[in-house]
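**Q** Okay, here's the prediction I keep looking at, along with the sequence it came from:
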Amino acid sequence: MSNAGKSLIAAGLCRIFARAGYKVCPFKSQNMALNSFITKEGFEMGRAQVVQAEAAGIEPDVRMNPILLKPTSEMGSQVIVNGRVIGNMKAKDYFEYKVKLIPDIMKSYDYLDKNYDIIVIEGAGSPAEINLKENDIVNMGLAKMVDAPVLLVGDIDRGGVFAQLYGTVALLEEEERKRIRGLIINKFRGDRTILEPGITMLEDRCKMPVVGVVPYEMFDIDDEDSLSERLERSGGKGIIDIAIIRLPRISNFTDFNVFESIKGVSVRYVSKVSELGQPDMIVIPGSKNTISDLLWIRENGLEAAVKKAADKDCVIFGICGGYQMLGRSISDTYCSEEGGSVRGMEFLDIDTTFQKEKKTVQTEGVFGDIGGIFKVLSGSFYKGYEIHMGMDNVSSDIYWKAGSNIYGSYIHGLFDNGDIAYKMVKALADKKGVSININEANNTFYNYQNYKDRQYDKLANVMRENMDMESIYNIL
């Protein structure tokens, strides 16, 4: 099922194989997610494969995720092939169209096959979604296309793991069942010996071994989509409290993970006025449907609450779609999302017009003069990437409204650079008259990539200790 932990298991295997000296890469033929990344070449791909590439110690390549679907509504998605938008499609239309993309999938796979020792392929959702099995291009259908053995992952944390695994195997066709070479029980809490009778019965019923019982652990690793447990955090305020508006079509919320690593900082996702409270900073994140999400903020009262907080000098920061919402107006005349025009929140003097082509580019530079509470960022180096259809009448890395503490930027990954996040937290603490442990913060932020590497190593160590790696190498 979705959120069973396939992405992290795949990342952990990438790390294990890389540390063993193999040249390894990830692959997911079709990903559906609102968290995306821009490669050096300007191509857009899902962040799950970026994380897995990082775990493998290699540069992300769009061929690791040739098809990306970004939901724009309950019934449709923006379809991105080989890193470029080909249009918006309703689910039914895409279901009929997707077989035409098999040559693109195989071209990407063949390139990776020629250049890597091991490819760790991640499926999507469940391989036993029998209503979607026709012309499958991402689960057992892909496994057949590339003749790959399969490991099936079940999530015990939500209950019913034996039924999940046995039921999935039972619903597969005989040829598909033969491809599954091992079962993995993920997110286990407790004494494994209590689980053994169930494992024995499961192995007997499924006629295949359980090759791992991976314990429930906390890893500070980027999550793939809006099922992330991070988005359920709405309480627990720290010394510095950051509230992020949980938009219905929130995208790239991984932008804010770095703040969670600072001891004393709370990062909360709020979806209603009663959850907002009095944070030190309110962030309006990216959105895959900017106008619709802006109207949602307006209708549920959060816009008024944010304006009230701004009047009390609360810091407001918008990223990408959230930045556009802070402006005077947004116009989507080409129906890049859902079309129409709407008044913005009128914090910043910008007007946004959606274009036919999406801007996808990595960017770096040095901040110009910034005023307000974040003037400490002036002159700091930054690096990140932009993904947006809308263009505005202002050209700036960070747009700041003079005389206020209201900011906006198109740059994703902005806060991951050097000590930017720390400087922001320190500025918020100084404004509040409190202190943050500088030494602990420095250990995290001046070496954020090293911090992420330690998380990948932790994941790999836990998996090695709790999986039958000898069996997995035999399967390979």
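**A** It's in.
**Q** pLDDT score assigned to the spatially closest residue to Lys90 that is not a sequence neighbour?
**A** Ranked by CB to CB, 6 or more residues apart in numbering and with sequence neighbours excluded, the top spatial neighbour of Lys90 is Gly76, at 4.6 Å. Just so you know, the C-beta spots here come from the backbone N, C-alpha and C atoms, and that holds for glycine as well. As predicted, Gly76 sits at a pLDDT of 85.
**Q** just Ser396 next, same as before
**A** Predicted confidence (pLDDT) for Ser396: 68.
**Q** and what of Gly87?
**A** Looking at Gly87, its pLDDT reads 91.
**Q** again, but for Val258
**A** Confidence score, pLDDT, at Val258: 89.
**Q** now the one 4 residues further on
**A** pLDDT, the model's per-residue confidence, is 85 for Ile262.
**Q** do you know how far the residue nearest to Lys90 is from Asn88?
**A** Distance of Gly76 to Asn88, given as CB to CB, to the nearest Å: 6 Å.
**Q** Kindly report the same for Ala53.
**A** Ala53 is 28 Å from Asn88, where distance means CB to CB.
**Q** hmm, who's touching stretch 368-382?
**A** Stretch 368-382 is contacted from outside by 315, 364-367, 396-398, 400, 402-407, 411, 414, 417-420, 423-424, 426-428, 431, using CB atoms under 8 Å, 6 or more residues apart in numbering.
**Q** Select only the buried ones of those in ChimeraX?
**A** One line in ChimeraX is enough to select the buried members of the contacts of stretch 368-382, burial here meaning 16 or more other CB atoms under 10 Å:
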select :315,367,397,398,400,404,405,406,407,411,414,417,418,419,420,423,424,426,427,428,431
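**Q** Next step: the contacts of stretch 368-382 restricted to helices.
**A** Judged by DSSP state H, these include Ile420, Lys423, Met424, Lys426, Ala427, Leu428, Lys431 as members of helices.
**Q** I'd like to know how many residues surround the residue nearest to Lys90.
**A** Using other CB atoms under 10 Å, Gly76 has 17 other residues around it.
**Q** list the contacts for it?
**A** Neighbouring residues of Gly76 by CB under 8 Å, 6+ apart: Asn88, Met89, Lys90, Ala91.
**Q** From these, which land in strands?
**A** Among these, the residues falling in strands (DSSP state E) are Asn88, Met89, Lys90.
**Q** Name the nearest of these relative to Asn300.
**A** Nearest to Asn300 among the ones in strands among the contacts of Gly76, counting by CB to CB, is Asn88 at 25.6 Å.
**Q** Against Phe43, how distant is the closest one?
**A** For Asn88, the distance to Phe43 (CB to CB) stands at 19 Å.
**Q** Val211 too?
**A** Separation of Val211 from Phe43 (CB to CB) stands at 35 Å.
**Q** for Tyr456, same thing?
**A** For Tyr456, the distance to Phe43 equals 23 Å [CB to CB].
**Q** Strands of the stretch 251-400 of the chain, start to end?
**A** Per DSSP state E, counting those that start in this stretch, the stretch 251-400 of the chain has strands spanning 265-270, 281-284, 286-287, 315-319, 329-332, 340-343, 351-366, 381-392, 399-400. These are given in chain order.
**Q** Between Tyr456 and Phe43, point out the one with more neighbours.
**A** Neighbour comparison, Tyr456 and Phe43: the larger count goes to Tyr456, with 25 against 20 (by other CB under 10 Å).
**Q** contacting residues for the more buried one?
**A** Contacts for Tyr456 (CB under 8 Å, 6+ apart) come out as Ala11, Gly12, Arg15, Glu54, Ala55, Ile221.
**Q** Kindly recompute the last result at 6 Å.
**A** By CB atoms under 6 Å, 6 or more residues apart in numbering, Tyr456 lies in contact with Arg15, Ala55.
**Q** cool, Gly344 as well?
**A** Listed by CB under 6 Å, 6+ apart, the contact partners of Gly344 are Met325, Gly327, Arg328, Ser329, Ile330.
**Q** repeat that for 10 Å
**A** Shown in contact with Gly344 (CB atoms under 10 Å, 6 or more residues apart in numbering): 290-291, 294, 303, 324-330, 350-352.
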